[in-house]
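Asks: sequence isn't available, so here's the structure alone:
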Ligand code: GDP
(Lines give C-alpha, C1' and ligand atoms only; values in the text may rest on other atoms or scores of the structure.)
Protein backbone atom coordinates (compact mmCIF):
# COMPACT_ATOMS: atom_id res chain seq x y z
CA UNK A 1 0.00 0.00 0.00
CA UNK A 2 1.20 3.48 -0.85
CA UNK A 3 2.51 5.79 1.80
CA UNK A 4 -0.03 8.27 3.08
CA UNK A 5 2.69 10.68 4.17
CA UNK A 6 3.83 11.65 0.67
CA UNK A 7 2.70 14.73 -1.14
CA UNK A 8 0.90 13.51 -4.26
CA UNK A 9 0.36 15.53 -7.41
CA UNK A 10 -1.70 15.00 -10.56
CA UNK A 11 -3.65 16.78 -13.19
CA UNK A 12 -7.34 16.79 -12.23
CA UNK A 13 -8.75 17.79 -15.61
CA UNK A 14 -8.73 15.66 -18.77
CA UNK A 15 -5.71 15.63 -21.08
CA UNK A 16 -5.56 17.95 -24.06
CA UNK A 17 -5.61 21.70 -24.26
CA UNK A 18 -8.46 23.79 -22.95
CA UNK A 19 -9.19 27.11 -21.34
CA UNK A 20 -8.05 25.95 -17.95
CA UNK A 21 -6.33 22.88 -16.55
CA UNK A 22 -6.29 22.00 -12.88
CA UNK A 23 -3.34 20.39 -11.17
CA UNK A 24 -3.67 19.45 -7.56
CA UNK A 25 -1.35 18.39 -4.83
CA UNK A 26 -2.24 16.98 -1.46
CA UNK A 27 -0.59 15.52 1.59
CA UNK A 28 1.07 16.62 4.78
CA UNK A 29 3.62 19.15 3.56
CA UNK A 30 1.71 20.03 0.36
CA UNK A 31 2.01 23.74 1.12
CA UNK A 32 5.79 23.54 1.53
CA UNK A 33 5.98 21.82 -1.86
CA UNK A 34 3.64 24.38 -3.41
CA UNK A 35 5.71 27.24 -2.09
CA UNK A 36 8.66 26.01 -4.15
CA UNK A 37 6.83 26.50 -7.45
CA UNK A 38 5.21 29.89 -6.88
CA UNK A 39 6.53 33.44 -6.87
CA UNK A 40 5.18 34.27 -3.40
CA UNK A 41 4.49 31.74 -0.62
CA UNK A 42 1.05 30.22 -0.11
CA UNK A 43 1.66 28.53 3.23
CA UNK A 44 0.76 31.57 5.30
CA UNK A 45 -2.49 32.15 3.37
CA UNK A 46 -5.80 31.31 4.97
CA UNK A 47 -7.55 28.08 4.10
CA UNK A 48 -10.11 28.10 1.30
CA UNK A 49 -8.69 31.21 -0.36
CA UNK A 50 -7.57 31.77 -3.93
CA UNK A 51 -4.38 33.59 -4.93
CA UNK A 52 -2.87 34.72 -8.19
CA UNK A 53 0.73 33.55 -8.47
CA UNK A 54 3.44 33.21 -11.06
CA UNK A 55 4.54 29.62 -11.49
CA UNK A 56 8.30 29.29 -11.43
CA UNK A 57 10.92 26.64 -11.86
CA UNK A 58 14.70 26.69 -12.32
CA UNK A 59 14.27 28.11 -15.82
CA UNK A 60 12.09 30.97 -14.69
CA UNK A 61 8.46 31.94 -14.65
CA UNK A 62 6.18 29.92 -16.97
CA UNK A 63 2.55 30.80 -16.23
CA UNK A 64 0.24 32.95 -14.20
CA UNK A 65 -2.07 30.70 -12.22
CA UNK A 66 -4.76 30.75 -9.62
CA UNK A 67 -3.78 28.74 -6.56
CA UNK A 68 -6.52 27.68 -4.18
CA UNK A 69 -5.28 26.80 -0.72
CA UNK A 70 -7.10 24.21 1.40
CA UNK A 71 -5.71 23.46 4.82
CA UNK A 72 -6.51 20.10 6.42
CA UNK A 73 -8.52 18.61 7.92
CA UNK A 74 -11.40 20.41 6.21
CA UNK A 75 -10.41 19.38 2.71
CA UNK A 76 -11.47 16.68 0.25
CA UNK A 77 -8.59 14.41 1.22
CA UNK A 78 -8.39 15.58 4.82
CA UNK A 79 -4.79 16.73 4.20
CA UNK A 80 -3.43 20.09 3.08
CA UNK A 81 -4.23 20.56 -0.59
CA UNK A 82 -3.46 23.14 -3.27
CA UNK A 83 -5.28 23.33 -6.59
CA UNK A 84 -3.57 25.24 -9.36
CA UNK A 85 -5.75 26.49 -12.18
CA UNK A 86 -3.35 27.09 -15.02
CA UNK A 87 -3.79 28.02 -18.65
CA UNK A 88 -4.90 24.77 -20.24
CA UNK A 89 -1.83 23.85 -22.21
CA UNK A 90 -0.24 20.42 -22.12
CA UNK A 91 3.14 22.09 -21.96
CA UNK A 92 2.28 24.14 -18.88
CA UNK A 93 0.69 21.18 -17.10
CA UNK A 94 3.74 19.01 -17.68
CA UNK A 95 6.13 21.73 -16.65
CA UNK A 96 4.16 22.39 -13.46
CA UNK A 97 4.01 18.68 -12.61
CA UNK A 98 7.74 18.37 -13.21
CA UNK A 99 8.39 21.35 -10.95
CA UNK A 100 6.18 19.82 -8.25
CA UNK A 101 7.97 16.47 -8.51
CA UNK A 102 11.33 18.26 -8.25
CA UNK A 103 10.00 20.03 -5.19
CA UNK A 104 9.24 16.76 -3.43
CA UNK A 105 5.83 15.59 -4.63
CA UNK A 106 5.30 12.26 -6.37
CA UNK A 107 2.77 11.30 -9.05
CA UNK A 108 -0.58 10.28 -7.59
CA UNK A 109 -1.88 6.82 -8.35
CA UNK A 110 -5.38 6.29 -9.75
CA UNK A 111 -7.94 7.32 -7.14
CA UNK A 112 -5.30 8.20 -4.58
CA UNK A 113 -6.86 11.53 -3.58
CA UNK A 114 -10.13 9.75 -2.85
CA UNK A 115 -8.27 6.90 -1.18
CA UNK A 116 -6.80 9.43 1.25
CA UNK A 117 -10.24 10.89 1.83
CA UNK A 118 -11.37 7.35 2.73
CA UNK A 119 -8.39 6.78 4.99
CA UNK A 120 -8.82 10.09 6.72
CA UNK A 121 -12.46 9.27 7.41
CA UNK A 122 -13.88 11.85 5.02
CA UNK A 123 -15.81 9.27 3.02
CA UNK A 124 -16.61 5.63 3.55
CA UNK A 125 -15.93 3.10 0.83
CA UNK A 126 -19.43 3.18 -0.67
CA UNK A 127 -19.27 6.97 -0.82
CA UNK A 128 -15.85 6.83 -2.45
CA UNK A 129 -17.29 4.53 -5.10
CA UNK A 130 -20.11 7.02 -5.46
CA UNK A 131 -17.50 9.60 -6.47
CA UNK A 132 -16.26 7.39 -9.32
CA UNK A 133 -19.83 6.63 -10.38
CA UNK A 134 -20.76 10.29 -10.31
CA UNK A 135 -17.91 11.10 -12.67
CA UNK A 136 -18.97 8.28 -14.98
CA UNK A 137 -22.70 9.09 -14.82
CA UNK A 138 -24.14 10.08 -18.18
CA UNK A 139 -27.85 9.98 -17.55
CA UNK A 140 -30.15 11.58 -15.02
CA UNK A 141 -30.92 8.25 -13.36
CA UNK A 142 -27.32 7.08 -13.01
CA UNK A 143 -26.38 10.52 -11.78
CA UNK A 144 -29.11 10.46 -9.15
CA UNK A 145 -28.07 7.02 -7.89
CA UNK A 146 -24.39 7.99 -7.73
CA UNK A 147 -25.10 11.28 -6.01
CA UNK A 148 -27.31 9.55 -3.46
CA UNK A 149 -24.49 7.09 -2.79
CA UNK A 150 -21.89 9.85 -2.53
CA UNK A 151 -24.08 11.66 -0.03
CA UNK A 152 -24.07 8.54 2.13
CA UNK A 153 -27.59 7.30 1.37
CA UNK A 154 -26.57 3.70 0.79
CA UNK A 155 -24.11 3.79 3.69
CA UNK A 156 -26.85 4.98 6.03
CA UNK A 157 -29.11 2.09 5.10
CA UNK A 158 -26.28 -0.39 5.59
CA UNK A 159 -25.42 1.17 8.93
CA UNK A 160 -29.02 0.82 10.15
CA UNK A 161 -28.86 -2.87 9.29
CA UNK A 162 -25.51 -3.29 10.99
CA UNK A 163 -26.79 -1.61 14.15
CA UNK A 164 -29.79 -3.94 14.17
CA UNK A 165 -27.50 -6.93 13.92
CA UNK A 166 -25.19 -5.58 16.59
CA UNK A 167 -28.19 -5.20 18.90
CA UNK A 168 -29.21 -8.73 18.05
CA UNK A 169 -25.68 -9.98 18.74
CA UNK A 170 -25.66 -8.20 22.09
CA UNK A 171 -28.88 -9.93 23.11
CA UNK A 172 -27.48 -13.29 22.09
CA UNK A 173 -24.30 -12.54 24.01
CA UNK A 174 -26.26 -11.72 27.12
CA UNK A 175 -27.89 -15.07 26.85
CA UNK A 176 -24.48 -16.65 26.42
CA UNK A 177 -23.05 -15.06 29.54
CA UNK A 178 -25.79 -16.48 31.63
CA UNK A 179 -26.07 -19.62 29.62
CA UNK A 180 -25.27 -21.96 32.45
CA UNK A 181 -28.12 -20.65 34.50
CA UNK A 182 -30.28 -21.43 31.53
CA UNK A 183 -31.70 -17.97 31.40
CA UNK A 184 -33.19 -16.78 28.14
CA UNK A 185 -32.98 -13.00 28.27
CA UNK A 186 -34.33 -12.32 24.88
CA UNK A 187 -37.24 -14.47 23.94
CA UNK A 188 -36.54 -16.64 20.93
CA UNK A 189 -39.59 -15.32 19.11
CA UNK A 190 -38.46 -11.76 19.66
CA UNK A 191 -35.02 -12.65 18.32
CA UNK A 192 -36.56 -14.37 15.37
CA UNK A 193 -38.63 -11.33 14.56
CA UNK A 194 -35.59 -9.05 14.72
CA UNK A 195 -33.68 -11.34 12.46
CA UNK A 196 -36.57 -11.63 10.07
CA UNK A 197 -36.87 -7.88 9.77
CA UNK A 198 -33.18 -7.44 9.11
CA UNK A 199 -33.09 -10.24 6.54
CA UNK A 200 -36.09 -8.73 4.79
CA UNK A 201 -34.38 -5.36 4.69
CA UNK A 202 -31.19 -6.90 3.26
CA UNK A 203 -33.26 -8.64 0.60
CA UNK A 204 -35.13 -5.45 -0.23
CA UNK A 205 -31.81 -3.72 -0.86
CA UNK A 206 -30.65 -6.65 -2.97
CA UNK A 207 -33.78 -6.40 -5.06
CA UNK A 208 -32.94 -2.85 -6.06
CA UNK A 209 -29.85 -4.18 -7.81
CA UNK A 210 -31.69 -5.27 -10.92
CA UNK A 211 -32.83 -1.75 -11.67
CA UNK A 212 -29.73 -0.26 -10.07
CA UNK A 213 -27.41 -2.21 -12.29
CA UNK A 214 -29.43 -1.33 -15.38
CA UNK A 215 -29.25 2.31 -14.38
CA UNK A 216 -25.53 2.22 -13.85
CA UNK A 217 -24.55 0.07 -16.80
CA UNK A 218 -27.41 1.04 -19.09
CA UNK A 219 -30.27 -1.27 -20.02
CA UNK A 220 -29.05 -3.60 -22.72
CA UNK A 221 -31.49 -3.91 -25.57
CA UNK A 222 -30.66 -6.31 -28.37
CA UNK A 223 -32.32 -5.89 -31.74
CA UNK A 224 -32.64 -9.35 -33.16
CA UNK A 225 -34.57 -10.78 -36.04
CA UNK A 226 -34.28 -12.14 -39.53
CA UNK A 227 -32.38 -10.34 -42.25
CA UNK A 228 -34.24 -7.50 -43.91
CA UNK A 229 -36.78 -7.29 -41.10
CA UNK A 230 -35.64 -3.71 -40.54
CA UNK A 231 -33.38 -3.95 -37.50
CA UNK A 232 -30.86 -1.44 -38.81
CA UNK A 233 -33.65 0.88 -39.89
CA UNK A 234 -35.21 0.83 -36.42
CA UNK A 235 -31.78 1.19 -34.82
CA UNK A 236 -31.22 4.32 -36.89
CA UNK A 237 -34.72 5.56 -36.27
CA UNK A 238 -34.16 5.32 -32.54
CA UNK A 239 -30.76 6.91 -32.71
CA UNK A 240 -31.86 9.46 -35.30
CA UNK A 241 -28.85 8.88 -37.44
CA UNK A 242 -27.42 6.53 -40.02
CA UNK A 243 -25.39 4.61 -37.54
CA UNK A 244 -25.93 1.16 -39.00
CA UNK A 245 -25.63 0.23 -42.65
CA UNK A 246 -29.11 -0.12 -44.07
CA UNK A 247 -29.37 -2.21 -47.18
CA UNK A 248 -31.83 -4.47 -48.86
CA UNK A 249 -29.34 -7.27 -49.40
CA UNK A 250 -30.14 -9.84 -46.76
CA UNK A 251 -27.49 -10.25 -44.12
CA UNK A 252 -25.54 -7.04 -44.68
CA UNK A 253 -25.35 -6.06 -41.06
CA UNK A 254 -22.59 -8.46 -40.21
CA UNK A 255 -21.23 -7.12 -37.00
CA UNK A 256 -22.94 -5.91 -33.87
CA UNK A 257 -23.22 -2.20 -33.47
CA UNK A 258 -23.80 -0.64 -30.12
CA UNK A 259 -24.94 2.82 -29.25
CA UNK A 260 -26.52 4.54 -26.34
CA UNK A 261 -29.85 6.18 -26.17
CA UNK A 262 -31.16 8.16 -23.24
CA UNK A 263 -34.88 8.03 -22.73
CA UNK A 264 -36.39 9.93 -19.85
CA UNK A 265 -33.06 10.01 -18.01
CA UNK A 266 -32.41 6.28 -18.40
CA UNK A 267 -29.58 4.98 -20.52
CA UNK A 268 -30.27 2.17 -22.95
CA UNK A 269 -27.51 0.34 -24.74
CA UNK A 270 -28.91 -0.55 -28.11
CA UNK A 271 -27.26 -3.39 -29.92
CA UNK A 272 -28.00 -4.05 -33.56
CA UNK A 273 -27.04 -7.56 -34.50
CA UNK A 274 -26.35 -9.63 -37.52
CA UNK A 275 -29.69 -11.34 -37.42
CA UNK A 276 -30.89 -14.81 -36.86
CA UNK A 277 -30.74 -17.02 -39.89
CA UNK A 278 -28.80 -19.92 -41.22
CA UNK A 279 -25.34 -18.54 -41.73
CA UNK A 280 -24.10 -18.88 -45.26
CA UNK A 281 -20.53 -17.83 -44.73
CA UNK A 282 -18.10 -17.62 -41.88
CA UNK A 283 -18.17 -13.91 -41.30
CA UNK A 284 -21.89 -13.96 -41.04
CA UNK A 285 -21.70 -16.97 -38.80
CA UNK A 286 -19.48 -15.05 -36.43
CA UNK A 287 -21.97 -12.23 -36.42
CA UNK A 288 -24.80 -14.59 -35.65
CA UNK A 289 -22.90 -16.21 -32.82
CA UNK A 290 -22.38 -12.74 -31.45
CA UNK A 291 -26.11 -12.14 -31.67
CA UNK A 292 -26.70 -15.03 -29.34
CA UNK A 293 -23.94 -13.94 -27.01
CA UNK A 294 -25.63 -10.59 -26.77
CA UNK A 295 -29.01 -12.16 -26.32
CA UNK A 296 -27.77 -14.32 -23.47
CA UNK A 297 -26.18 -11.37 -21.72
CA UNK A 298 -28.93 -8.98 -22.62
CA UNK A 299 -31.80 -8.06 -20.43
CA UNK A 300 -34.18 -7.36 -23.26
CA UNK A 301 -34.52 -8.53 -26.80
CA UNK A 302 -36.52 -6.71 -29.41
CA UNK A 303 -37.42 -9.29 -32.00
CA UNK A 304 -37.96 -7.30 -35.17
CA UNK A 305 -40.00 -8.99 -37.90
CA UNK A 306 -41.42 -8.05 -41.26
CA UNK A 307 -45.20 -7.83 -40.92
CA UNK A 308 -45.67 -8.63 -44.56
CA UNK A 309 -43.42 -11.59 -45.17
CA UNK A 310 -43.22 -13.32 -41.77
CA UNK A 311 -45.26 -16.37 -40.91
CA UNK A 312 -46.56 -17.29 -37.49
CA UNK A 313 -44.51 -20.48 -37.56
CA UNK A 314 -41.31 -18.51 -38.12
CA UNK A 315 -42.15 -16.15 -35.30
CA UNK A 316 -42.96 -18.96 -32.87
CA UNK A 317 -39.62 -20.57 -33.71
CA UNK A 318 -37.65 -17.31 -33.33
CA UNK A 319 -39.29 -16.45 -30.01
CA UNK A 320 -38.55 -19.92 -28.69
CA UNK A 321 -34.95 -19.69 -29.82
CA UNK A 322 -34.42 -16.36 -28.11
CA UNK A 323 -36.31 -17.43 -25.01
CA UNK A 324 -33.86 -20.28 -24.65
CA UNK A 325 -31.18 -17.63 -24.08
CA UNK A 326 -32.94 -14.88 -22.24
CA UNK A 327 -36.10 -13.92 -20.40
CA UNK A 328 -37.84 -11.14 -22.17
CA UNK A 329 -38.74 -10.92 -25.84
CA UNK A 330 -40.58 -7.90 -27.16
CA UNK A 331 -41.93 -8.38 -30.67
CA UNK A 332 -41.73 -5.43 -32.99
CA UNK A 333 -43.68 -5.93 -36.19
CA UNK A 334 -42.11 -3.67 -38.79
CA UNK A 335 -43.14 -2.32 -42.22
CA UNK A 336 -46.63 -1.47 -41.08
CA UNK A 337 -46.85 0.87 -44.08
CA UNK A 338 -46.67 -2.10 -46.45
CA UNK A 339 -49.44 -4.12 -44.82
CA UNK A 340 -52.36 -2.03 -46.06
CA UNK A 341 -53.88 -2.43 -42.60
CA UNK A 342 -54.07 -0.18 -39.58
CA UNK A 343 -52.40 -0.76 -36.24
CA UNK A 344 -55.51 -2.20 -34.60
CA UNK A 345 -56.02 -4.80 -37.32
CA UNK A 346 -52.38 -5.79 -37.18
CA UNK A 347 -52.54 -5.97 -33.40
CA UNK A 348 -55.60 -8.19 -33.52
CA UNK A 349 -53.89 -10.52 -35.94
CA UNK A 350 -50.60 -10.92 -34.05
CA UNK A 351 -50.82 -9.98 -30.41
CA UNK A 352 -52.52 -12.99 -28.82
CA UNK A 353 -50.56 -15.44 -30.89
CA UNK A 354 -47.22 -13.84 -29.98
CA UNK A 355 -48.01 -13.59 -26.28
CA UNK A 356 -49.17 -17.20 -26.20
CA UNK A 357 -45.82 -18.12 -27.68
CA UNK A 358 -43.84 -16.32 -25.01
CA UNK A 359 -43.51 -12.73 -26.20
CA UNK A 360 -43.79 -10.18 -23.41
CA UNK A 361 -45.22 -7.46 -25.60
CA UNK A 362 -45.99 -6.55 -29.19
CA UNK A 363 -45.98 -3.29 -31.14
CA UNK A 364 -46.26 -2.57 -34.80
CA UNK A 365 -44.33 0.24 -36.43
CA UNK A 366 -43.00 1.50 -39.67
CA UNK A 367 -39.30 2.12 -39.60
CA UNK A 368 -39.78 4.79 -42.23
CA UNK A 369 -42.23 6.77 -40.12
CA UNK A 370 -40.44 9.29 -37.91
CA UNK A 371 -43.45 9.51 -35.63
CA UNK A 372 -43.05 5.85 -34.70
CA UNK A 373 -39.78 6.63 -32.98
CA UNK A 374 -41.84 7.75 -30.01
CA UNK A 375 -43.77 4.43 -29.98
CA UNK A 376 -40.50 2.56 -29.67
CA UNK A 377 -39.08 4.90 -27.08
CA UNK A 378 -42.26 4.66 -25.04
CA UNK A 379 -42.09 0.90 -25.28
CA UNK A 380 -38.48 0.79 -24.03
CA UNK A 381 -39.09 3.27 -21.26
CA UNK A 382 -42.06 1.26 -20.04
CA UNK A 383 -39.86 -1.80 -19.61
CA UNK A 384 -37.80 -0.31 -16.80
CA UNK A 385 -39.39 -0.46 -13.38
CA UNK A 386 -39.69 3.05 -12.07
CA UNK A 387 -40.62 2.47 -8.44
CA UNK A 388 -36.98 2.43 -7.39
CA UNK A 389 -36.15 5.42 -9.54
CA UNK A 390 -38.56 8.11 -8.61
CA UNK A 391 -37.96 8.10 -4.92
CA UNK A 392 -35.03 9.06 -2.82
CA UNK A 393 -34.52 5.54 -1.60
CA UNK A 394 -31.21 3.76 -1.89
CA UNK A 395 -30.46 1.67 -4.89
CA UNK A 396 -27.70 -0.90 -5.07
CA UNK A 397 -25.89 -0.20 -8.31
CA UNK A 398 -22.60 -1.92 -7.59
CA UNK A 399 -22.01 -5.63 -8.11
CA UNK A 400 -19.55 -5.51 -5.22
CA UNK A 401 -22.26 -4.24 -2.89
CA UNK A 402 -24.72 -6.79 -4.21
CA UNK A 403 -22.30 -9.64 -3.52
CA UNK A 404 -21.64 -8.36 -0.01
CA UNK A 405 -25.38 -8.18 0.67
CA UNK A 406 -25.79 -11.66 -0.73
CA UNK A 407 -23.07 -12.99 1.57
CA UNK A 408 -24.75 -11.30 4.48
CA UNK A 409 -28.15 -12.69 3.57
CA UNK A 410 -26.79 -16.22 3.29
CA UNK A 411 -25.24 -15.94 6.74
CA UNK A 412 -28.49 -14.58 8.16
CA UNK A 413 -30.37 -17.57 6.78
CA UNK A 414 -27.97 -19.83 8.67
CA UNK A 415 -28.49 -17.80 11.84
CA UNK A 416 -32.23 -18.22 11.42
CA UNK A 417 -31.87 -21.96 10.93
CA UNK A 418 -29.79 -22.19 14.08
CA UNK A 419 -32.45 -20.25 15.97
CA UNK A 420 -35.18 -22.48 14.61
CA UNK A 421 -33.27 -25.55 15.67
CA UNK A 422 -32.90 -24.13 19.16
CA UNK A 423 -29.12 -24.02 18.94
CA UNK A 424 -27.35 -22.07 21.63
CA UNK A 425 -26.02 -18.55 21.22
CA UNK A 426 -22.40 -19.51 20.71
CA UNK A 427 -23.38 -21.53 17.67
CA UNK A 428 -25.03 -18.51 16.15
CA UNK A 429 -22.11 -16.22 16.80
CA UNK A 430 -19.88 -17.03 13.84
CA UNK A 431 -22.64 -16.76 11.23
CA UNK A 432 -23.76 -13.56 12.82
CA UNK A 433 -20.25 -12.19 12.61
CA UNK A 434 -20.11 -13.25 8.97
CA UNK A 435 -23.32 -11.34 8.25
CA UNK A 436 -21.98 -8.26 10.02
CA UNK A 437 -18.62 -8.41 8.27
CA UNK A 438 -20.26 -8.70 4.88
CA UNK A 439 -22.28 -5.55 5.52
CA UNK A 440 -19.15 -3.83 6.77
CA UNK A 441 -17.45 -4.56 3.46
CA UNK A 442 -19.88 -2.29 1.67
CA UNK A 443 -18.87 0.76 3.64
CA UNK A 444 -15.28 -0.35 4.17
CA UNK A 445 -15.56 -0.83 7.92
CA UNK A 446 -14.24 -4.25 7.12
CA UNK A 447 -11.63 -4.06 4.42
CA UNK A 448 -8.32 -5.42 3.30
CA UNK A 449 -5.67 -4.37 0.87
CA UNK A 450 -7.08 -6.39 -2.03
CA UNK A 451 -10.50 -4.90 -1.61
CA UNK A 452 -9.14 -1.36 -1.46
CA UNK A 453 -6.88 -1.96 -4.45
CA UNK A 454 -9.87 -3.31 -6.35
CA UNK A 455 -12.05 -0.33 -5.54
CA UNK A 456 -9.53 2.44 -6.10
CA UNK A 457 -7.97 0.98 -9.23
CA UNK A 458 -11.25 1.79 -10.95
CA UNK A 459 -10.69 5.50 -10.45
CA UNK A 460 -8.92 7.82 -12.80
CA UNK A 461 -5.65 9.48 -11.91
CA UNK A 462 -6.17 12.85 -10.29
CA UNK A 463 -9.41 11.83 -8.53
P1 LIG B 1 -32.04 -5.58 -41.31
O2 LIG B 1 -31.39 -6.57 -42.21
O3 LIG B 1 -33.02 -6.25 -40.40
O4 LIG B 1 -31.09 -4.71 -40.55
O5 LIG B 1 -32.94 -4.68 -42.25
P6 LIG B 1 -32.69 -3.20 -42.81
O7 LIG B 1 -32.91 -2.19 -41.73
O8 LIG B 1 -31.39 -3.16 -43.53
O9 LIG B 1 -33.92 -3.05 -43.80
C10 LIG B 1 -34.08 -3.87 -44.93
C11 LIG B 1 -34.84 -3.13 -46.00
O12 LIG B 1 -36.19 -2.86 -45.57
C13 LIG B 1 -34.26 -1.77 -46.35
O14 LIG B 1 -34.38 -1.57 -47.72
C15 LIG B 1 -35.15 -0.78 -45.59
O16 LIG B 1 -35.20 0.48 -46.18
C17 LIG B 1 -36.48 -1.48 -45.67
N18 LIG B 1 -37.35 -1.12 -44.54
C19 LIG B 1 -37.04 -1.18 -43.23
N20 LIG B 1 -38.09 -0.82 -42.48
C21 LIG B 1 -39.10 -0.53 -43.33
C22 LIG B 1 -40.47 -0.10 -43.16
O23 LIG B 1 -40.99 0.08 -42.05
N24 LIG B 1 -41.21 0.08 -44.27
C25 LIG B 1 -40.70 -0.12 -45.53
N26 LIG B 1 -41.48 0.10 -46.56
N27 LIG B 1 -39.40 -0.51 -45.73
C28 LIG B 1 -38.63 -0.73 -44.66
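Replies: All right, it came through fine. All values reported here derive from a predicted model rather than from experimental measurement. Numbers count the residues shown, from 1 in each chain.
Asks: point me to the residue of the stretch 301-450 of the chain nearest the ligand.
Replies: Nearest residue of the stretch 301-450 of the chain to the ligand (CB to the nearest ligand atom) works out as residue 367 at 3.2 Å. For the C-beta atoms, the positions are set from N, CA and C on the backbone; glycine is no exception.
Asks: tell me if that residue really is in a strand.
Replies: No: assignment of residue 367 by DSSP: H, G, I helix; E, B strand; the rest coil gives coil, placing it outside any strand.
Asks: do you know how far it is from residue 332?
Replies: 9 Å (CB to CB, to the nearest Å).
Asks: so what sits against both of these two?
Replies: Shared contacts of residue 367 and residue 332, defined by CB atoms under 8 Å, 6 or more residues apart in numbering, comprise residue 234.
Asks: thinking again about what came up before, just the pLDDT for the residue of the stretch 301-450 of the chain closest to the ligand.
Replies: pLDDT for residue 367: 95.
Asks: now swap in residue 457 and tell me
Replies: 82.
Asks: same check on residue 279?
Replies: Residue 279 is given a pLDDT of 44.
Asks: got it, and residue 426?
Replies: Value for residue 426, per-residue pLDDT: 75.
Asks: assumed it was part of a strand.
Replies: No: checked against three-state DSSP, residue 426 lies outside a strand; its state is helix.
Asks: grab the nearest non-local neighbour of the residue of the stretch 301-450 of the chain closest to the ligand.
Replies: In space, and not counting its chain neighbours, residue 367 is closest to residue 233: 3.6 Å by CB to CB, 6 or more residues apart in numbering.
Asks: would you mind measuring from that neighbour to residue 302?
Replies: Distance from residue 233 to residue 302, counting by CB to CB: 13 Å.
Asks: show me the contacts for the residue of the stretch 301-450 of the chain closest to the ligand.
Replies: 230, 233, 234, 237, 334, 335 are the contacts of residue 367 under CB under 8 Å, 6+ apart.
Asks: low-confidence ranges in the stretch 301-450 of the chain?
Replies: For the stretch 301-450 of the chain, applying pLDDT under 70 flags the ranges 327, 385-391.
Asks: which stretches in it count as helices?
Replies: Here the stretch 301-450 of the chain has its helices, by DSSP state H, counting those that start in this stretch, at 312-323, 343-356, 372-382, 399-420, 425-443, 449-457.
Asks: what's the local residue count around residue 55?
Replies: As a burial measure, residue 55 scores 23 neighbours (other CB atoms under 10 Å).
Asks: in terms of neighbours, single out the busier of residue 233 and residue 302.
Replies: residue 302 (27 against 21).
Asks: so that one touches residue 221, yeah?
Replies: Yes: counting by CB atoms under 8 Å, residue 302 does reach residue 221; the two are 6.1 Å apart.
Asks: in this protein, which helix has the most residues?
Replies: helix 188-217 (DSSP state H).
Asks: chain center to that helix, what's the gap?
Replies: Distance, stretch centre to chain centre, for helix 188-217: 19 Å (CA atoms, centre = their mean, to the nearest Å).
Asks: what packs against that helix?
Replies: Helices and strands touching helix 188-217, as assessed by 3 or more CB pairs under 8 Å, 6 or more residues apart in numbering; DSSP states H and E, comprise helix 140-150, helix 153-177, strand 266-272, helix 399-420.
Asks: report the buried residues of stretch 325-338.
Replies: Neighbour-count burial for stretch 325-338 flags 325, 326, 328, 329, 330, 331, 332, 333, 334, 335, 336 (criterion: 16 or more other CB atoms under 10 Å).
Asks: report the contact partners of the closest residue to residue 336 other than its chain neighbours.
Replies: Computed as CB to CB, 6+ apart, the closest residue to residue 336 that is not its neighbour in sequence is residue 366, at 4.3 Å. With contact taken as CB under 8 Å, 6+ apart, residue 366 is in contact with 334, 335, 336, 337, 372.
Asks: swap in 6 Å and give it another go.
Replies: By CB atoms under 6 Å, 6 or more residues apart in numbering, the residues touching residue 366 are 336, 337, 372.
Asks: and for residue 57?
Replies: Shown in contact with residue 57 (CB under 6 Å, 6+ apart): residue 99.
Asks: mind running it again at 7 Å?
Replies: Residues in contact with residue 57, defined by CB atoms under 7 Å, 6 or more residues apart in numbering, are 37, 95, 99.
Asks: would TSV of those residues with secondary structure and neighbour count be doable?
Replies: Output for the contacts of residue 57, formatted as TSV (DSSP: H, G, I helix; E, B strand; the rest coil; neighbours: other CB atoms under 10 Å):
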residue	secondary structure	neighbour count
37	coil	29
95	helix	18
99	helix	22
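Asks: now the helices and strands packed on helix 188-217 in CSV, with distance to residue 306 and mean neighbour count?
Replies: Formatted as CSV, those follow (distance: least, CB to CB, whole Å; neighbours: other CB atoms under 10 Å):
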stretch, distance to residue 306, mean neighbour count
helix 140-150, 34, 21
helix 153-177, 46, 18
strand 266-272, 16, 23
helix 399-420, 39, 19
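Asks: distance to residue 435 added to these, as TSV?
Replies: Listed next are the helices and strands packed on helix 188-217 as TSV, based on distance: least, CB to CB, whole Å:
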stretch	distance to residue 435
helix 140-150	22
helix 153-177	6
strand 266-272	33
helix 399-420	4
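Asks: could I get these as JSON lines with distance to the ligand?
Replies: Shown next, in JSON lines, are the helices and strands packed on helix 188-217 (distance: least, CB to the nearest ligand atom, whole Å):
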{"stretch": "helix 140-150", "distance to the ligand": "29"}
{"stretch": "helix 153-177", "distance to the ligand": "41"}
{"stretch": "strand 266-272", "distance to the ligand": "7"}
{"stretch": "helix 399-420", "distance to the ligand": "33"}
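Asks: save the contacts of residue 57 as JSON lines, and put in distance to residue 84 and pLDDT too.
Replies: Shown next, in JSON lines, are those (distance: CB to CB, whole Å; pLDDT from 0 to 100):
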{"residue": "37", "distance to residue 84": "8", "pLDDT": "98"}
{"residue": "95", "distance to residue 84": "12", "pLDDT": "98"}
{"residue": "99", "distance to residue 84": "10", "pLDDT": "98"}
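Asks: ok, so of the residues you listed, who is nearest the ligand?
Replies: Scanning the contacts of residue 57 for proximity to the ligand, where the rule is CB to the nearest ligand atom, the winner is residue 95, at 52.1 Å.
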